[in-house]
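K.L.:
sequence and predicted structure below; questions after.
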Amino acid sequence: MAAITSRLARARVRLARRRTWWLAGLVLVALVYPYVVRPYQLSLAIEVLIFAIFAMSLDILLGYTGLVSFGHAAFFGLGAYLVAYTTLGVTNNLLVTLPVVVAGTALAALVAGFFAIRTSGIYFLMVTLAFAQMLFSIAIRWSSVTGGSDGLSGVARPAIGLGPLSYTFDSRTSFYYLVLAFFIFSWWFLRRVVDSPFGWALRGIRENEQRMLALGYNTFRYKMAAFVIAGVFAGVAGMLLTQFFRHAAPENLYWTTSGQVMIMLIVGGTGTLTGPVLGAAVIRLLPNYLSTYTDRWQTVLGLTFILFVLFAPRGIMGLWERFRQRGENREHSAD
Amino acid sequence: METLIIQLLNGLVFSMLLFTMAAGLSLIFGQMDVINLAHGSFYLLGGYIGLTMVRRLGSFWLALVVAPLVVGALGLALEYFFLRRLYGRHRHLDQVLFTFGLALIAADLIRWNWGAYVESVPPPELLSGQIPVFTVQFPVYRLSLIAVGVTLALGLGLLLERTRIGAIIRAGVADAEMVSALGIDIHKVFAGVFALGVALAALAGVLGAPVLNLYPGLDFEILILTLVVVVVGGLGTLRGAFFGSLLIGMADTFGKAFLPEFALFLIFAVMAVVLLLRPSGLFGLEGT
Amino acid sequence: MGDKKTVRPSGMSRRQFLRTAGIVVGATAAAPLLSACGPLAGGRATGPVKIGLLLPYSDIYAVLGESITAAMEMYFEEVGNEAGGRTIELIKEDTEIKPDVAQQKARKLVEQDEVDLVAGVVSSGVLLALRDYFDANKKLLICANAGANPISRDRKTPYIWRTSFSNWQPNWPVGKWAAENVGKRAFISVPDYAAGENTITSFAHSFVNAGGEIIGVQRTPFPNMGDPAPFMAEIADAEPDLVYAFYSGGAAVTFVKAYADFGLAGNIPLLSSGFMVEEDVLPAQGEAALGVRSGLHWALLLDNPVNQAFTAAYKERTGRDANVFAVQGYDTARVIVEMLNRVEGDTTDVDKMVEVLPDIQFDSPRGPFRFDAKSQNPSQHIYLREVREVDGVLHNVIIEDLGEIADPGDNSKDLEV
């Protein structure tokens, strides 16, 4: 018995050490990445990282709390417009624009969440859709502020400036590092959130809200907090995309954007942080490659989704887990 | 005053058109608890099949029969091969991905087969022309949609409430195991409901074509509209779909007429308000 | 939630991170890794000329993308797929109608495929979203449709030239003509977005200056009009002398058919920007469109030899009648070929290419084609057309040439309503 325990412990240490090496390697690869690929690959990486932040934020709601939002584009688009408007009118200084985006999307999420969280299931899905669609029609109508259907263009890349010191993320490489930093922070922060007691309470709400209520949890507050966190990170993703494309468009608020990020989650695997990142990569890159090779790319994409449903019901992460378990079983039997 | 009455009539027509569109979705959603994002695609497919029938055989009436039959048969096949594996509340997200995949494929194949040009279907000879209503020449076809909507509502109501099949469906929704224990094949019931639901979508596609025409992208327009109607009405009840259609149809018409700045905004605002006051829709059961 | 205690062992989260980081790398490693990161690819002097096409091939604007592509390919074949001593290679990318997708595809064409220039772009939102990228990277974009006024005005860049129109162009001359020939009290109906607003201000400026009065403006939901009935009732209620409208695609068919269904056609004259009754939607509108008068820079039955040859060849190739978008595609291809000939196939210097553009003149299906150097947009004749039955088929028949019109290059000839 003791021998088994110590062997397990040693195996764990060995694994942890191996992971540390992998971690160092991957970070290194991510850091030198801009210097070994062509600019286009770099721009795809930037897009994937931005949409990964967006998808991870939705997963806090959908995967961890069980709140299926079909209006997450509301916060993504709001972040886009807030940064575009602030940059065009005031400054591109991140020390100003980031707080504006965070505060603005948090406030909007508080208001929308206050109403939406009273409903649940499919009704919650539709209330969130309604909120996003209302923002979309405001964006189309209120053209003096939003640029109407044309959107706001000419948005400068962000800078960080304190007094006389200032640095602008003008080049694609520098912007990549900025996005990478935002991505790593988001991943780290959301990881902390879902691993905290708060995160486990969210999972409890997902599994059985009545029981959580009976246990004395104020589930409304928990769901509100999740809604606000998800909204803020979606807003940050929208901000980054706008700074990258130098343009905020009403499409950022449209339901197709909400649908896209939801599909990213389902394809990647909900209830994990890695799944959304994988999903973002697949959904952002697959149509791009497909449409180059075939005119029938929509059919191929649709078939891919159906194959996922049939053979990988928990997304790529589900597939991976199955693969890994099979591998572990083999290891055990080899022992 | 005259304008008001005319707009009321417009609202009624659009409401009934909405009801024909939403009835199938309401059935599948409410009775089977399946989220069908391909509903608009079945609508559009029905419309295009109708278009071909009208072009080839010159009969709108035949189109009204054939399109639902063809699409209904397709529905049976899809249910048997795929959807059957995806029942249950915990599979909702899989249903979303599956039916969204279907919708993508359908949009692509429809464009491949019928092209991307806007197509229109003329109303049947019998129902073309106008009758004067105050200052407006009101199209007869539109008026006839009111009759169609009411008839459909009554027919479906009778089917669900007064027939043995209806009783089995309702019992199946409440307790599938119980129905199976009685020796009834619940799979066949669900397959039938799904086929009926998509056939209704196809029927609406033919009925709606003379008013809204057919073009790529209409599928998702219809999907969003019908989702709003069904959710406002409350899941699981035909009555909900009917009154949801009335509310949304009227809101859309009067919004366009009197608050055009907010026309796009309005149906979503109405939905939001309804769901805030009644979190399960107008006629939905609490806690579902 | 601020609790620092983690429930899971930290090794778990690190593994999660590993996977995550792995994806970041893996996701983009699908393409070959190159050893150096050079500047954005410029044009070359030898080998085939690569032309990137940014067009919608799916969703509601698919017909426009298909028409433009077919006509471009047709012209390139006519010149043997060669210009300036180099063969021509087309690379098509589907932008849908999403600005973010278009941005991604533009980068792919310019940076990965290293195209020499880009052509296409159907919707104004996409054009404005792409503007800064082409401006900053000094890459030439020949726009084959999107009519956003600002691209000829305050958002002008040396690197975007249009072979199509500005939204202002087809509407402005019709305003004056309508006030003089149809009536003085006009009601305007447009979709509630930028092109609709461009239509209103352009038409209103010349209509009001010619003594007309705008008695009502109707802005209908964009992108989807939905049920048009409430708008018809409003128009009937207003009892104007004429209705001026701008719709395209599905909404054009819905609007025109409803206008006839409600008995307005024949009672209140309907005038419009030519896109509303263009050949792509006319078959679906059928008799409902009879009598609609519109202004546009082309008509199927325009009587000139180039047009006759073009429309016949296009019909043979595609089985459908040509439309204005095909004409714009055809002229886009011709402009590209003329430009390549003038720079003798040397696409390394974008400024040299831009320099020769204003000199390009030729006979197009729409009549003489030339750029207005100020607005970087064609200076072209606008024809007043009416939908009539010709040999049993509905077509736009030209009833008057409203003269050669160039975009003013600023907002001086627009009137806010």
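P.N.:
Thanks, I have the structure now.
K.L.:
wait, residue B:221 sits on residue C:227?
P.N.:
No - counting by C-beta atoms under 8 Å, residue B:221 stays clear of residue C:227, with 11.2 Å between them. Placement of C-beta: from N, CA and C, glycine included.
K.L.:
which residues do these two both contact?
P.N.:
Common neighbours of residue B:221 and residue C:227 (criterion: C-beta atoms under 8 Å, 6 or more residues apart in numbering or on different chains): none identified.
K.L.:
who has more neighbours, those two?
P.N.:
More crowded of residue B:221 and residue C:227, by other C-beta atoms under 10 Å in any protein chain shown: residue C:227, with 25 against 20.
K.L.:
are we agreed that that one is in a strand?
P.N.:
No - checked against DSSP: H, G, I helix; E, B strand; the rest coil, residue C:227 lies outside a strand; its state is coil.
K.L.:
please enumerate the helices of chain B.
P.N.:
With helices called from DSSP state H, chain B shows them at B:2-32, B:39-57, B:60-81, B:92-114, B:140-162, B:164-174, B:176-181, B:186-212, B:218-233, B:238-258, B:263-277.
K.L.:
tell me the mean pLDDT for the shortest one?
P.N.:
Taken as a whole, helix B:176-181 carries a mean pLDDT of 78.
K.L.:
the first one too?
P.N.:
Looking at helix B:2-32 alone, the average pLDDT works out to 91.
K.L.:
the second one too?
P.N.:
Mean per-residue pLDDT for helix B:39-57: 96.
K.L.:
with the fourth one instead?
P.N.:
For helix B:92-114, the mean per-residue pLDDT is 92.
K.L.:
what residues of it count as buried?
P.N.:
For helix B:92-114, a neighbour-count test (16 or more other C-beta atoms under 10 Å in any protein chain shown) marks B:92-111, B:114 as buried.
K.L.:
next one: the shortest one
P.N.:
When neighbours are counted by 16+ other C-beta under 10 Å, the buried residues of helix B:176-181 are found to be B:176, B:179.
K.L.:
ok, the longest one next?
P.N.:
Of the residues in helix B:2-32, those scored as buried under the neighbour-count criterion (16+ other C-beta under 10 Å) are B:3, B:6-7, B:9-32.
K.L.:
filter these by proximity to chain A?
P.N.:
Contacts with chain A are made by residue B:29 out of these, judged by C-beta under 8 Å from any C-beta of the partner chain.
K.L.:
all helices for the stretch 151-300 of chain C, in order.
P.N.:
Using DSSP state H, counting those that start in this stretch, the helices of the stretch 151-300 of chain C run over C:172-181, C:194-209, C:229-238, C:249-261, C:282-285.
K.L.:
any chance of TSV for those helices, columns distance to residue C:128 and mean neighbour count?
P.N.:
Putting these into TSV (distance: least, C-beta to C-beta, whole Å; neighbours: other C-beta atoms under 10 Å in any protein chain shown) gives the following:
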stretch	distance to residue C:128	mean neighbour count
helix C:172-181	21	21
helix C:194-209	9	24
helix C:229-238	28	22
helix C:249-261	20	26
helix C:282-285	29	22
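K.L.:
show me which residues of the stretch 1-150 of chain C sit near chain B.
P.N.:
Looking at chain B, the residues of the stretch 1-150 of chain C close enough under C-beta under 8 Å from any C-beta are C:58, C:59, C:60, C:62, C:63, C:66.
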